[in-house]
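K.L.:
Below are the sequence and a predicted model for it; my questions follow.
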Amino acid sequence: MREESYSVSEAARALGVSIPTLKRMAHDGRIETFRTPGGHLRVTAESLVNTRAPRPALNFPPASSVLQNRRERVEELGLEAQELRAKREIAKLQADQEAEARRRQEEAQAQERAASREAEAQRLRLERVRLRSQQQEQERQQAERLAMWRAKWLENATARLPYWLSPGQRKEAVQALEVEVAKRGPESERFMDQLIEDTVGALMAPWKVEREGREARERATNSALFTLPLFCTELERSRAAAAIREALGALPLEAEEFEIRAAANEAIQPIKQAAEKRLLDERLIEWAIRELPWGRTEQDEARLRRQCVEILAGLPPDVSEVEAKEVLRPPVREVQAEIEQREARKERKQRKAALIQQGLVEVSSYLLHLRSEGEISSEAFWDSRFAADVTDAVRDALEEELTGDEDTQELKEFVHEIIEDELR
């Protein structure tokens, strides 16, 4: 490196300046310097050449050798002092660098340890996640197997429920079975069949008693309703069913069937008697209407029906049909007599009209007889006005005098008298 750079003392001697001056020049940048790895300051040869300048020769008297030696010695001491300071600075710098290196190494080691711990923590976290996932999967599979096992036994238990359960009872039974099955697991497999059988039996016991009681009540109701008269109305049957339900509702659930039947029959007795009385009244009224003679009108039937209804309403419920007919005979006879009288009047009126027509026919015959006997002339016989006057006189007399009970001979004689009276 001597061909390329110089030490501070060499460069100072070459430039003819002191070492402090050379260092100031280096500090000011007038000369190019650098430091060796050992920390020594060196001056580049090129910079030294470029800086060196010719100096005018000074005519000083040559210095004595002693003085020259002292000067060099002072410079050497100064250089040594500077070198010592430089060494101390270098040593301090090296110590700082070593401390920094140690700090960085420690930091690197700490970071490495931290990274290692973080990696270990991450590994542990992943391991925990894996274990948790594995545990969850095991739990899921176990729960799935348990659910399938419980579903199997719940289906088995539900299949043992009887068909006659109501929707509400079936729902309640299924819920109770779900609760019972949910308490068990595969470890109870060998006990499940008997457990399900006992549970279903315990659930069905009160409902079975209730069903048997309901069926007994239904049988008693149908039996009691069957005893009602055949032509009962829907309203009467509905009232009878309501009375039975009310009577049976007062009985305890454990009542015997004969008690239920007795209560049902007793409940419908008033309705049954009323229905029988109504049917009896209807038969009696129909009998009374049939007793009326031919020629009765709707007014006759309605009047007799009203009279019968009033009379029958006052009779006791247990009256017999024979007794009721005896009570109804007087109004029936009364209406019969009125109808017969009306028909007789009608018949007489019809006979009277027929007799009048016969009498009018007899007018022509009798006038012809009178002409043949010479009692009237042919001119009078063929006189239409004369014939009309005679006919009107006969009609008026017949309408006034006839009763309708006369026979044909009496009619002819009466017509002859009228004509003869008109001819006088």
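P.N.:
It's in. Nothing here was measured: the structure is a model prediction, and the numbers come from that model.

K.L.:
List the buried residues in the helix or strand hosting Arg42.
P.N.:
Element membership for Arg42 (DSSP states H and E) is strand 41-44. Going by neighbour count (16 or more other C-beta atoms under 10 Å), the buried part of strand 41-44 is Leu41, Arg42, Val43, Thr44. The C-beta positions use only the backbone N, C-alpha and C, and glycine is treated the same way.

K.L.:
pLDDT at the nearest residue to the second one once chain neighbours are set aside, what is it?
P.N.:
Think Arg42. Excluding the flanking residues, the one nearest Arg42 by C-beta to C-beta, 6 or more residues apart in numbering is Ser5, at 4.2 Å. On pLDDT, Ser5 comes in at 82.

K.L.:
With Ala176 instead?
P.N.:
pLDDT for Ala176: 91.

K.L.:
quick one: contacts for it?
P.N.:
Ala176 sits next to Thr199, Leu203 when contact means C-beta atoms under 8 Å, 6 or more residues apart in numbering.

K.L.:
how about the helices in the stretch 201-350 of the chain?
P.N.:
234-249, 257-290, 298-313, 321-373 (DSSP state H, counting those that start in this stretch).

K.L.:
ok and the last one relative to helix 257-290, angle-wise?
P.N.:
To tie it back to what came earlier, the one meant is helix 321-373. Here helix 321-373 runs at 20 degrees with respect to helix 257-290, directions being taken by axes from the mean of the first three to the mean of the last three C-alpha atoms, to 10 degrees.

K.L.:
Give the other helices and strands that helix 321-373 contacts.
P.N.:
Packing partners of helix 321-373 (3 or more C-beta pairs under 8 Å, 6 or more residues apart in numbering; DSSP states H and E): helix 257-290, helix 298-313, helix 378-381, helix 384-401, helix 408-423.

K.L.:
Next, report how far the longest one is displaced from the centre of its chain.
P.N.:
In this view, helix 257-290 has its centroid 46 Å away from the chain centroid, taken as C-alpha atoms, centre = their mean, to the nearest Å.

K.L.:
buried stuff in it?
P.N.:
260-265, 267-268, 271-272, 275, 277-278, 280-281, 284-285, 288-289.

K.L.:
Please apply the same query to the shortest one.
P.N.:
By neighbour count with 16+ other C-beta under 10 Å, helix 378-381 contains the buried residues Ala380.

K.L.:
same check, this time on stretch 31-38
P.N.:
Within stretch 31-38, judged by 16+ other C-beta under 10 Å, the buried ones are Ile31, Glu32, Thr33.

K.L.:
Next, work out how far apart Glu326 and Asp383 are.
P.N.:
In this view, Glu326 and Asp383 are 69 Å apart by C-beta to C-beta, to the nearest Å.

K.L.:
Let's have the buried residues of strand 41-44 in TSV, adding distance to Glu118 and pLDDT.
P.N.:
Output for the buried residues of strand 41-44, formatted as TSV (distance: C-beta to C-beta, whole Å; pLDDT from 0 to 100):
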residue	distance to Glu118	pLDDT
Leu41	47	83
Arg42	48	87
Val43	52	87
Thr44	51	86
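
K.L.:
nearest to Phe226, of these?
P.N.:
Ranked by distance to Phe226 (C-beta to C-beta), those are led by Leu41 at 139.3 Å.

K.L.:
Roughly how far does the closest one sit from Lys87?
P.N.:
Separation of Leu41 from Lys87 (C-beta to C-beta): 12 Å.

K.L.:
Then Arg35?
P.N.:
12 Å.

K.L.:
hmm, back to that, lowest-confidence stretch among the helices and strands packed on helix 321-373?
P.N.:
Comparing mean pLDDT across those, the weakest is helix 378-381, with a mean of 84.

K.L.:
Identify the residues contacting it?
P.N.:
Applying C-beta under 8 Å, 6+ apart, the external contacts of helix 378-381 come out as Leu367, Leu368, Leu370, Arg371, Phe386, Ala387.

K.L.:
Spatially, which pair of those is furthest apart? Let me know, please.
P.N.:
Farthest pair in the contacts of helix 378-381 (C-beta to C-beta) is Leu368 and Phe386. Separation: 13.3 Å.

K.L.:
out of these two, which sits in the more crowded spot?
P.N.:
A side-by-side neighbour count of Leu368 and Phe386, using other C-beta atoms under 10 Å, places Phe386 first with 16 against 12.

K.L.:
what separates the closest residue to that one other than its chain neighbours from Ala387, distance-wise?
P.N.:
Distances taken as C-beta to C-beta, 6+ apart place Ala380 nearest to Phe386, at 5.3 Å, with adjacent residues excluded. Computed with C-beta to C-beta, the distance linking Ala380 and Ala387 is 9 Å.
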